[in-house]
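Undergrad: sharing a model prediction with you, sequence too.
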Amino acid sequence: MTARWEIDSARLDLAATLTCGQVFRWVSPRPGRWLGSDDEVAFAVTERAPGVWEVESTGDPGRLWTALALDRDPVLPDLDDAAAWLIPCAQQTQGLRLMRPADPVETLFAFMCTANNHLRRIVPMVHALAAYGPILAEWEGVAVRGFPDLEIVAGLDEADLRAQGFGYRGGTIPRAARAVLERGGREWLLGLRGEPWSAAREALMELPGVGPKLADCIALFGLHHGECVPVDTHVWQIATRHLFPEWAGLAVTERRYAAVGDWFRARFGKDAGWAHQRAFASHLWE
């Protein structure tokens, strides 16, 4: 199926959205061309003219519209002096979307690859996991895959994953998959979308290898809980620069981590994660 989208660049910067640490398997075989998937649907997206996108898919192209959250545009509220630093962040990141991927299973294991890691290693690790999944389509010699089912991830051999560079994650990823299956599998994860964000976060932290920051990432991107604010190195540097300068040079404790998230939630409510993503990307691109 094919659709034509005309979208102002202030609403969609596709390259920025797909490469700023929300999803990890979209590839660009040439400028203005992106290949990827959302759950069981593969997409080939081509910019035919500035702001004019052609979306070819193996299913409903509208699935990508939903995944990119183009059905809603959070509005930055009037900011007091303490939050005025966010204005240039918002201006710099126009067109950046806070994505809503359909498959919480992929989000869970993709973000398990991010712990104590950097993007150059994360991307090939997530692709390595996806290699166990089905091929959904092939464009320009690029196979676009769906993510493997939980049962496949649960059965992966730790030694094989370690040989592929997963390190200790070679053990925690299959164990986490088995723990999810014991709780009800994919449906259990999907059910967490209907729970309060704090309850979903706590449930995720019961899984092997999932701490507070990973739980916030999974809850924000995979479960669509907009109140979650993952505090990584970038966000901690933002916080100590603009919000809590007295903490500069100090470690992130549980209390300080919560204080950063509470600051965003107090001002943006369910759009706290959206504001966080704008600040995060702005700092990432400095």
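TA: Ah, there it is. Numbering: from 1, shown residues only.

Undergrad: which other residues reach the one helix or strand Glu202 maps to?
TA: Assigned by DSSP states H and E, Glu202 belongs to helix 197-204. Judged by CB atoms under 8 Å, 6 or more residues apart in numbering, the contacts made with helix 197-204 from elsewhere in the structure are 108, 192-193, 195, 210, 212, 214-216, 218-219, 223, 225-228. Quick note: C-beta positions are derived from backbone N, CA and C, even for glycine.

Undergrad: doesn't Leu64 fall inside a strand?
TA: No - counting by DSSP: H, G, I helix; E, B strand; the rest coil, Leu64 falls outside a strand, being helix.

Undergrad: who are the contact partners of Trp53?
TA: By CB under 8 Å, 6+ apart, the contact set of Trp53 is Arg4, Trp5, Glu6, Ile7, Leu12, Leu14, Val45, Thr46, Glu47.

Undergrad: can you pick the most crowded of those?
TA: When neighbours are taken as other CB atoms under 10 Å, the top entry among the contacts of Trp53 is Val45 (23 neighbours).

Undergrad: quick one: it from Pro208, how far?
TA: Per CB to CB, to the nearest Å, Val45 is found 36 Å from Pro208.

Undergrad: and His283, by the same measure?
TA: According to CB to CB, His283 stands 30 Å off from Pro208.

Undergrad: same question, Leu223
TA: As for Leu223, its distance to Pro208 is 18 Å (criterion: CB to CB).

Undergrad: these two: which is more packed in?
TA: The residue with the greater number of neighbours, taking Leu223 and Pro208 and applying other CB under 10 Å, is Leu223; the counts read 27 against 14.

Undergrad: my guess is that one contacts Leu189, does it?
TA: Yes - the pair Leu223 / Leu189 is scored as a contact, 7.4 Å apart, by CB atoms under 8 Å.

Undergrad: so what sits against both of these two?
TA: With contacts taken as CB under 8 Å, 6+ apart, the residues that reach both Leu223 and Leu189 are Pro104.

Undergrad: can you show me the helices along this structure?
TA: 14-19, 62-67, 86-92, 104-112, 119-130, 150-154, 158-163, 169-183, 186-192, 197-204, 212-217, 233-238, 254-268, 272-284 (DSSP state H).

Undergrad: which regions of the stretch 1-150 of the chain sit below the pLDDT cut-off?
TA: Scanning the stretch 1-150 of the chain for pLDDT under 70 picks out 75-77.

Undergrad: may I have the phi/psi pair for Pro196?
TA: In terms of degrees, to the nearest 10, the main-chain angles of Pro196 are phi -60, psi 150.

Undergrad: any figure for the gap between it and Glu227?
TA: From Pro196 to Glu227 the distance is 9 Å (CB to CB).

Undergrad: looking at those two, which one has more neighbours?
TA: Neighbours per residue (other CB under 10 Å) separate Pro196 from Glu227, with Glu227 holding more: 22 against 11.

Undergrad: which residues are in contact with the more buried one?
TA: Contacts of Glu227 were listed using CB under 8 Å, 6+ apart, and they are Trp197, Arg265, Gly269, Lys270, Ala272, Gly273.

Undergrad: residues in contact with the closest residue to the fifth one other than its chain neighbours?
TA: Right, Ala272. By the measure of CB to CB, 6 or more residues apart in numbering, the closest residue to Ala272 outside its immediate chain neighbours is Phe264, 3.9 Å from it. Under the criterion of CB under 8 Å, 6+ apart, the contact partners of Phe264 comprise Val229, Ala272, Gly273, Ala275, His276.

Undergrad: if I look at the spatially closest residue to the fourth one that is not a sequence neighbour, how far off is Thr66?
TA: The shortest distance from Ala275 to any non-neighbouring residue, by CB to CB, 6+ apart, is to Phe268 (4.6 Å). According to CB to CB, Phe268 stands 22 Å off from Thr66.

Undergrad: what about those two, which has more around it?
TA: Taking other CB under 10 Å, Phe268 and Thr66 do not tie; Phe268 has more neighbours (21 against 15).

Undergrad: can you give the contact residues for the strand of greatest length in the chain?
TA: Counting residues, the longest strand found in the chain (DSSP state E) is strand 41-49. By CB under 8 Å, 6+ apart, the residues outside strand 41-49 that reach it are 4, 14, 32-37, 53-61, 63-64, 136-137, 139, 144, 146.

Undergrad: right, I'll call it a day here.
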